[in-house]
Structure formats: structure tokens, C-alpha cells
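**Student:** Sequence plus predicted model, see below.
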Amino acid sequence: MSGNLLDTGAVIGCPHGGRVTAATPPAGGLRVAGAAVATAAHHYVVTGCPHTVDRVPTPCVTVRWTAGRTGITADGVPVLLDTSAAQCFSAALVPQGPPVVQAAQRKVTVR
């Protein structure tokens, strides 16, 4: 599996244009070029999602990442890559599509 390592410099959005940020910011742990690396232990929230269903606001509010079995860990927890499976959810826990990673800077390959 290969992909770009997600860190605090990655720009991530929901499929409707909302902004995804870490609710538990990656702190300490592994850093690459000074940026904390995101892991499966971090929780992500969505703000500014304009999504509606039948004119009723149903914004994305959280993202759940599934770190694959890349073999790459930080402090024993799998790191997140832009190729890691993820899903945005509404407050009612309705799946609303995968997040969009607009920029990631570090390439990681595991064989």
C-alpha cells in the first residue's frame, strides 16, 4: 500500500466542501519536518458543511478513518494515509461520503 502521510499540513474537506480538522490535534508522537503525523487514535470533526437533504440541513459533522494494515505505526497506532478508508457522517450517523484530501506532502510506501 502506498499513499501520502497525513499530518497537520494536510488540507482535508468533506465531499460537500466543509473543512475537516482534528478534534484531538496530533500532538507529540511522530513528527515529520515539524508536523505531527495523524494516526487512527485522532478524532476528526467537520465544520461548514452545507449539505442538505430535501431542504433540511444535514451537514457532515465527523469523519471516521479506517487505518489499513500498512504496517506503519506511530507510538503503536496505525498512521493515516490519504489512501486510508474514511467516511464522513451526519450528526445522526448517516454516511455522507468519503473525505477529500486536497494536499498531502509526504509519500510513504510499504511493501
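**Tutor:** Yep, it's here.

**Student:** Tell me where this structure is predicted with low confidence.
**Tutor:** For the chain, the stretches with pLDDT under 70 are 1, 25-29, 68-70, 103-111.

**Student:** Now with 50, please.
**Tutor:** 110-111 (pLDDT under 50).

**Student:** tell me which strands and helices the helix or strand harbouring residue 96 is in contact with?
**Tutor:** Assigned by DSSP states H and E, residue 96 belongs to strand 95-97. Counting contacts by 3 or more Cβ pairs under 8 Å, 6 or more residues apart in numbering; DSSP states H and E, strand 95-97 packs against strand 85-90. Every C-beta, even on glycine, is put in place using the N, C-alpha and C of the backbone.

**Student:** Strand partners (parallel or antiparallel) of the strand it packs on?
**Tutor:** Sheet partners assigned to strand 85-90 using DSSP bridges are listed as strand 60-66 (antiparallel), strand 95-97 (antiparallel).

**Student:** Format those as TSV; extra columns: mean neighbour count.
**Tutor:** Below are the strands paired with strand 85-90 laid out as TSV (neighbours: other Cβ atoms under 10 Å):
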stretch	mean neighbour count
strand 60-66	19
strand 95-97	16
